[in-house]
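[1] have a look; sequence and predicted model below, questions after that.
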Amino acid sequence: MKIVVIGGTGLIGSKLVSKLAAHGHEAIAASPNSGVNTLTGEGLAEVLNGAEVVVDVSNSRSFDEDDAMNFFNTATRNLIQYGKAAGVQHYVALSVVGTDRIAQDRPSDGPKTIRGYFRAKLAQEKLIAESGIPFSIVHATQFFEFVKNIADTASDGTTVRLAPVLIQPMAADDVAAGVGRVAAGIPVNGIVEIAGPDQFRLDEFIRLGLIARNDPRNVVADPAAGYFGVEVDERTLVPGKDARLGTTSFKTWLTQSATAPTR
């Protein structure tokens, strides 16, 4: 089966292409570097020719709402247009657990928050659902690989302040495996949630990650700190009971990361 992976050279995309190829699929990594640009439409007709499935794991370079909205609306409309012309039978997109919950404004929000990015993701999902192409949207939890990024965003000097809410993060390898299984399967015409095997408090997750990196910053549980600066509830960041769980624990991932060869 020919499966085109939009964003196929990124963190998740490159792993996904490898996993699909290992299972006998013709997996094509599509990105601007390979001459495929979803914002302009360049190369889409050619790369989607003969494809049964298109998987979009690309992302906006900015969390700004206007930038993200322009990216997801433009790219998705182009993928729908060229996908229909090519006869694509399954449109798969990677999104985020809690997207609909995080997108909702709160009284405590300032003028610019990450919520705008999630509103753009919701717009992307709506376009796909209404496209007429059979689809599956994969909602994944936060990746282990983004521990430092979360800490950096929440840092005030040597102190990292995070809300002690539940989170169920997962390894990027498991994200790619989960998306791959959905892509190779029958369209669900809805949402599939994937997550890691264990739940943590957000502050605990980041604390363990920084300790493993020998990062001296002090992580403080602060209910007012939120997540990327926005207020979140106890279960905003965790999936429902029917989520498909990855197999890699955070402890195992930390051990493997510590022993991985330096490139």
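    All right, it came through fine.
[2] for this structure, which segments count as strands?
    2-6, 26-30, 53-56, 90-96, 135-140, 155-156, 159-162, 166-167, 190-195, 200-201, 218-221, 244-245 (DSSP state E).
[3] which residues touch the second one?
    With Cβ atoms under 8 Å, 6 or more residues apart in numbering as the contact definition, strand 26-30 has outside contacts at 1-9, 13-14, 16-18, 20-21, 36, 43, 47, 51. C-beta: built from backbone N, CA, C; applies to glycine.
[4] just the mean pLDDT for it, thanks.
    Mean per-residue pLDDT for strand 26-30: 97.
[5] what about the stretch 101-250 of the chain, any weak spots by pLDDT?
    Applying pLDDT under 70 to the stretch 101-250 of the chain picks out residues 105-113.
[6] any idea how far residue 141 is from residue 188?
    Computed as Cβ to Cβ, to the nearest Å, the residue 141 to residue 188 distance reads 18 Å.
[7] tally up the residues packed near the nearest residue to residue 48 once chain neighbours are set aside, please.
    Leaving aside its chain neighbours, residue 48 sits nearest to residue 86 (3.9 Å; criterion: Cβ to Cβ, 6 or more residues apart in numbering). Residue 86 has 19 neighbours, counted by other Cβ atoms under 10 Å.
[8] and what of residue 55?
    For residue 55, the count of nearby residues is 30 (other Cβ under 10 Å).
[9] what's the angle from the lengthiest helix in the chain to strand 2-6?
    For the chain, the helix with the greatest residue count under DSSP state H is helix 65-86. Counting by axes from the mean of the first three to the mean of the last three Cα atoms, to 10 degrees, helix 65-86 lies at 160 degrees to strand 2-6.
[10] now helix 65-86: buried residues?
    By neighbour count with 16 or more other Cβ atoms under 10 Å, helix 65-86 contains the buried residues 65, 68-69, 71-72, 75-76, 78-80, 82-83, 86.
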